[in-house]
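Engineer: could you look at this predicted model? Sequence included:
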Amino acid sequence: MTAPVDVAIVGGGVIGLATAWRAAQRGLSVAVVDQSAGRGASWIAAGMLAPVTEAHYGEEALLGLNLDSAGRYPAFVAELEAASGTSVGYSTSGTLAVALDAGDRAVLAELHAYQQRLGLDSDLLSGRECRTLEPMLAPTVRAGLLVTGDHSVDPRRLTAALHTAGHRAGVRFLEQQATATTSSSVTLADGTTIAAGSVLLAAGCWTPALTGLPGRPVKGHVVRLRGAGFLQRTVRGVVRGFDVYVVPRDDGEVVIGATVEEMGFDTSVRVGCVYELLRDAHELLPGITELELVECGAGLRPGSPDNAPLVGRLADGRFVATGHYRNGILLTPVTADAVTELLAGGQLPAVMAPFSPDRVSAHGTSAAPTATQAGSMR
Ligand code: GLY
């Protein structure tokens, strides 16, 4: 047995780390259990905070949650940077979604109309206007949708800052695998057991194995390049039917992503996937071939039956925060705040209530929350 804690968190990705920090700020004693904290999906993610350009028809409830979390980001970043003494690479320079042909342009126009109906800010631009904003864009770009409210952050710097802030707030980090959990204990690979007032499972795509909740890993390949000043803002487009995005950072990093593959727990890096990402990014931004190639990687998004998170209390008393799928970095502030409220003895806040694990059974059926349940869009 090690010293008991108020909260034991299994999973040291951004969701687990942010919750640990927030819970410690509330005066709770916290331990985070992870044999390689921050090295899962948080390590590979590009860090887009893009509720509008990633909005999909029929996912209006999730859009409401995404917008809520995006709205929390400025204060979250300011507080975290002050607490950790480090920058998290938060960029508010916006996102430009571009179209290469008449069909893509029609899709962008339809998306723009949809966004207008939901009261979301976006501007439809000509190809020339797009190239004025981003001179590296291909001459073949026909149109674009500028979304100034879709931002980005550097997930690796975010993870490091959360670790430092948590450490300074008194969080204990245990570099081990959790082999068993109950509502009041976590057993570690070396056989020791931590007694805890509450146990939170925030282990990304490994959470279903710990809980019996439905879910699956969704693989994403990402390529990291270096090229200062290449882009001012995130650029994305659909090439041959596949989404590609290019995210620049203030330190010169340029991240290209991402494939969406159902391959189980495979994180091997495949030449064909890297080739296709570079080929598609090159169609949007031909000058990309001049940049330095730094890293190719693949991570596993935690998928849920309806692509929305599962956050709340399980029937057996354990707490869970998983299923963030394509929005884990974006949903970090709202998830950490909601789970901390629960861990401190409160109720799941209204904004998160539709995303309780109660909506899915252990057999994989689900009822997606409706827009009304999640509240207004804006
Ligand atoms: N949110 C981007 C991705 O999951 O690829």
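Structural biologist: Received, thanks.
Engineer: now the residue nearest to residue 357 when sequence neighbours are not counted, which residues is it bridged with?
Structural biologist: Excluding the flanking residues, the one nearest residue 357 by C-beta to C-beta, 6 or more residues apart in numbering is residue 310, at 4.4 Å. In short, each C-beta sits where N, CA and C put it, glycine included. With DSSP bridges applied, residue 310 shows beta-bridge pairing to residue 322.
Engineer: what is the burial count for residue 310?
Structural biologist: 28 (other C-beta atoms under 10 Å).
Engineer: for it, give me its contacts.
Structural biologist: 207, 213, 215, 304, 320, 321, 322, 323, 355, 356, 357, 360 (C-beta atoms under 8 Å, 6 or more residues apart in numbering).
Engineer: and what of residue 96?
Structural biologist: 125, 130, 133, 134, 144, 145, 146, 147, 233, 234, 235, 236.
Engineer: including secondary structure, distance to residue 33 and pLDDT, could the residues you listed go into JSON lines?
Structural biologist: Listed next are these as JSON lines, based on DSSP: H, G, I helix; E, B strand; the rest coil; distance: C-beta to C-beta, whole Å; pLDDT from 0 to 100:
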{"residue": "125", "secondary structure": "strand", "distance to residue 33": "48", "pLDDT": "97"}
{"residue": "130", "secondary structure": "helix", "distance to residue 33": "47", "pLDDT": "98"}
{"residue": "133", "secondary structure": "helix", "distance to residue 33": "45", "pLDDT": "98"}
{"residue": "134", "secondary structure": "coil", "distance to residue 33": "43", "pLDDT": "98"}
{"residue": "144", "secondary structure": "strand", "distance to residue 33": "45", "pLDDT": "96"}
{"residue": "145", "secondary structure": "strand", "distance to residue 33": "42", "pLDDT": "96"}
{"residue": "146", "secondary structure": "strand", "distance to residue 33": "43", "pLDDT": "98"}
{"residue": "147", "secondary structure": "strand", "distance to residue 33": "38", "pLDDT": "97"}
{"residue": "233", "secondary structure": "coil", "distance to residue 33": "38", "pLDDT": "98"}
{"residue": "234", "secondary structure": "strand", "distance to residue 33": "34", "pLDDT": "98"}
{"residue": "235", "secondary structure": "strand", "distance to residue 33": "39", "pLDDT": "98"}
{"residue": "236", "secondary structure": "strand", "distance to residue 33": "36", "pLDDT": "97"}
